[in-house]
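*Asks:* the following comprises the amino acid sequence and a computationally predicted model.
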Amino acid sequence: MVQLGRLAVCDRVLLGLRTCGTSPEHPASQSPLSPRTWNARAKTCPSACRWLLDTSRQRNKVNMSLYTLYGKRTLDATAATGGLILLSPVLAAIALLIRFDDRGPIFFRQKRVGKGGTEFLVWKFRSMPVGAPQLEASQAQSLPITGVGRVLRRLSLDELPQLINIVRGEMSLVGPRPPMPSQVELIELRRANGSLDVRPGITGLAQINGYEGMPNDQKALLDGRYANGVSLSTDLGILFRTLSHLAKTPPTY
């Protein structure tokens, strides 16, 4: 059991939703459960388990305010476009530094999973040597970093090219961080609680609550809370807290 706020998280449910039954919409390896069976199993689960089951059943009821329908995307596109224009001298300077450092490519593109499970290529400034393997964050700690890359990561400047992803509609300023396709457990947990139905973000609720080293169940829990409570004030609050975190060593995504 993992304590997070007042909610006790049922580990066996979070690790696949197999023990207490799978979602009727997303069965794991069995046929869909009937409503009667679903309700019977839900009653036997701990409170956290029932919460996950309920959010899975009601995932289409995720916050559908005017902000989520129109305002969030408008804010994202406007801010990202303006950011690319205003920061163009900084972006150009970083690109030159990377090029002169080892003559390698400027950008690093990696396949990630976005809204609805759709895969896309996320953009970053390259911070590792050419040919470095693409690993999950938990496995990439020992990989070498270039001299310029060390500074970029320290200031989180390597994430700036993701403004391109926002302009293209693949990402948002605020949302769950996009996982790699190999992070199946995290993806399925997000699918179950509805957080896979929102665009991934450059920063999010999990990032400002100690993302690095956080188990997948806690990440998904925070992602689900965000997805079911998206608002302008929430996004602005997360962005403000993210700025305060830039003075600290950034987490690995």
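*Replies:* That came in fine, so what should we check first? Quick caveat: nothing in here was measured; it's all calculated off a predicted structure.

*Asks:* how about the nearest residue to R99 once chain neighbours are set aside, what does it touch?
*Replies:* Distance criterion C-beta to C-beta, 6 or more residues apart in numbering; nearest residue to R99, sequence neighbours excluded, is I106 at 6.0 Å. C-beta here means a position set from N, CA and C on the backbone, and glycine is covered the same way. By C-beta atoms under 8 Å, 6 or more residues apart in numbering, the contact set of I106 is A95, I98, R99, F125, R126.

*Asks:* from A80, how far off is I106?
*Replies:* Distance from I106 to A80, counting by C-beta to C-beta, to the nearest Å: 19 Å.

*Asks:* cool, and A95?
*Replies:* Separation of A95 from A80 (C-beta to C-beta): 18 Å.

*Asks:* if you count surrounding residues, which of those two has more?
*Replies:* More neighbours surround A80 than the other of A95 and A80, with 22 against 15 (other C-beta atoms under 10 Å).

*Asks:* what are the buried residues along the one helix or strand the more buried one maps to?
*Replies:* Using DSSP states H and E, A80 falls within helix 72-86. Buried residues in helix 72-86, counted by 16 or more other C-beta atoms under 10 Å: K72, L75, D76, A79, A80, G83, L84.

*Asks:* mind putting those into CSV with pLDDT and distance to M214?
*Replies:* Formatted as CSV, those follow (pLDDT from 0 to 100; distance: C-beta to C-beta, whole Å):
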residue, pLDDT, distance to M214
K72, 96, 25
L75, 96, 27
D76, 97, 25
A79, 97, 27
A80, 97, 27
G83, 96, 27
L84, 97, 30
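
*Asks:* and this protein, what are its domains?
*Replies:* For the chain, automatic domain parsing gives the domain ranges 2-57, 66-245.

*Asks:* re earlier: got the contact list for the helix holding A80?
*Replies:* Contacts of helix 72-86 (C-beta under 8 Å, 6+ apart): 91, 160, 163-164, 166-167, 169, 171-173, 199, 230, 232, 235.

*Asks:* and the strands in this structure?
*Replies:* Counting by DSSP state E, the chain has strands at residues 2-4, 7-9, 107-113, 119-125, 172-174, 201-203.
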